[in-house]
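**Student:** generate a structure from the sequence data that follows.
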Amino acid sequence: LSSDQLLELLKHAEFLDVELGEMIYKDGDPIGHVYVVVNGSVTIERALEGTDGVRVFATSVFDGRAFGDGWDGGRNRASSNVRWTTAVAQERSLLLRFSTPVYMEVLQKDDVCSENASRLKSLPFLSECSAGELEMLLMTLETGFAGYAFTVLRPGERPNRCRILAEGRLSLLTDAKLEVKELVPGSFFGVGAILSGRGSCSYASEVEVTVTSMVAHFYLMSRKSLSPLPDVVQESILDSVRRMIADCQDPIQDDGRHVIRRDQEWRLRKQRSLAEVKRTSDRSAASAGEMRPRSAVAGRWCPAGPGRPFAESLESPSTPSAPRRRGRAGSSGRSELQRSKSGPGRLKSSERLSMTASGPLTPSSLARTQTPMMRSTTPSSFMRATTPSMLSRTMYSPDGRPLAIFCRTPEGFELLPNPAPLNCVDRRHRPDRAPATPLAARTS
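**Tutor:** This next block holds a predicted model:
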């Protein structure tokens, strides 16, 4: 209670000094007062029904504890106007006696919960408790903590206390490590342990409870933790707990079937999707092999330099009587254009020779003639497969640099402006080489 509430109660309090064995009240007396033990101890006895006044020990009340209205038999006897128990002093004791209406009025005035008490009040089985009762309950709760990845509860285990999460996060996992639910501050699990006086829950956990934050703090509640509360409040809490268990509202009662079923459905859809992708990919690959485009055939060129073939040196391999031309600077042998395959629409070497002999190559002349695709190469790779969208015809200078590059378009061939050397630092493209006869002069 707050200081203002205590002062308000003291204004209406009555002090009682009782001796050892003195009866404070007995069963059958009218109700209407609440007692608080300031110093000493009091025994509460309860009469057995049908035993003609035989009493048995019920409990003992010590310093700072209350008894009287609300602690006299619980809710089942709250409607009665007489006492159901007897209070006897175990020693000389000093008591405070309050009128029940005044006591309840003071408790309900300024009924503001602290932060921790507000967290308890958010629990469904403690929602009917007042702020004073929650503060009283907080003083009896034990605390505990666990670190990251610690398993608080395993499947099949029975919790011995109800754990209320005050700080951190927990995950409820199935055997397949699928997350069923995430617990945040203000959540609870193992509430069935409150019903048992021995601290054992009547049901086992269906999931694994694991800490997913750096640290998790708990309030540990058992049946013994409710003892400071009035009997009426205790029975109200226990009834709420029974209803929750019957409705399977404890998080550890959820076996995660819906999560497992959803995961299985997702895996099945994924397998079907992958199978369809594989099936369509295999068909596309087979179709691509059957319908390989003619332009995909690779051509091989000799590297730039003295042995590089030029347009006027191309000879038909089928004409043995064609004169042989030697390369520059005493180079022996000849370089011929070698192709891996031939197809329709490709010109023979003799046809290319006659075409170049008639005049210099120009974009217009190339556009009027079905010129096969001539593939350029780089110094690092002389075998290259191209597609119709790549280079179609390249003209080289004697030192190996490209003079003009023509690109195939739907309308014909298009001259690309300012062709750059394939590799300006390559030694085979050195400008200090002795230039050979210009290409235009040779063709003329």
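**Student:** Thr210: what's it in contact with?
**Tutor:** 149-152, 170-171, 173 (C-beta atoms under 8 Å, 6 or more residues apart in numbering). For glycine as for every other residue, the C-beta is placed from the backbone atoms N, C-alpha and C.
**Student:** what do you get if the cut-off is 6 Å, keeping everything else the same?
**Tutor:** Listed by C-beta atoms under 6 Å, 6 or more residues apart in numbering, the contact set of Thr210 reads 151, 171.
**Student:** likewise for Leu220?
**Tutor:** Contacts of Leu220 (C-beta under 6 Å, 6+ apart): 142, 144, 161.
**Student:** isn't the second one right next to Phe218, touching?
**Tutor:** Yes. Judged on C-beta atoms under 6 Å, Gly144 makes contact with Phe218 at a distance of 4.7 Å.
**Student:** give me the more crowded residue out of the two.
**Tutor:** Shown here are Gly144 and Phe218; by other C-beta atoms under 10 Å, Phe218 has more neighbours (23 against 13).
**Student:** for the record, mean pLDDT for the helix or strand harbouring the more buried one?
**Tutor:** Using DSSP states H and E, Phe218 sits in strand 215-221. Confidence over strand 215-221 (mean pLDDT, whole number) is 92.
**Student:** what strands line up against that strand, and which way round?
**Tutor:** Sheet pairing here is set by DSSP bridges, and for strand 215-221 it gives strand 142-147 (antiparallel), strand 162-167 (antiparallel).
**Student:** report the set of residues contacting both of Gly144 and Phe218.
**Tutor:** Joint contacts of Gly144 and Phe218 (C-beta under 6 Å, 6+ apart) do not exist.
**Student:** show me where the stretch 201-350 of the chain has its strands.
**Tutor:** Counting by DSSP state E, counting those that start in this stretch, one finds strands in the stretch 201-350 of the chain at the ranges 208-211, 215-221, 299-300, 338-339.
**Student:** turn the strands paired with strand 215-221 into TSV, including mean pLDDT and distance to Val209.
**Tutor:** Listed next are those as TSV, based on pLDDT from 0 to 100; distance: least, C-beta to C-beta, whole Å:
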stretch	mean pLDDT	distance to Val209
strand 142-147	90	10
strand 162-167	92	8
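**Student:** picking that back up, out of the strands of the stretch 201-350 of the chain, which is the most enclosed?
**Tutor:** Of the strands of the stretch 201-350 of the chain, the one with the most neighbours on average (mean count of other C-beta atoms under 10 Å) is strand 208-211, at a mean of 22.
**Student:** returning to what we had before: for Glu135, find the nearest of the strands of the stretch 201-350 of the chain.
**Tutor:** Nearest of these to Glu135, taken as C-beta to C-beta: strand 215-221 at 13.2 Å.
**Student:** restrict the closest one to CA atoms and write it as CSV.
**Tutor:** Taking Å, rounded to 0.1, in the frame of the first residue of the first chain, the C-alpha atoms of strand 215-221 are listed here in CSV:
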residue,chain,number,x,y,z
VAL,A,215,18.8,-12.8,-21.6
ALA,A,216,15.3,-13.6,-20.3
HIS,A,217,13.9,-12.7,-16.9
PHE,A,218,11.0,-14.6,-15.4
TYR,A,219,8.6,-14.4,-12.4
LEU,A,220,8.1,-17.8,-11.0
MET,A,221,4.6,-18.4,-9.6
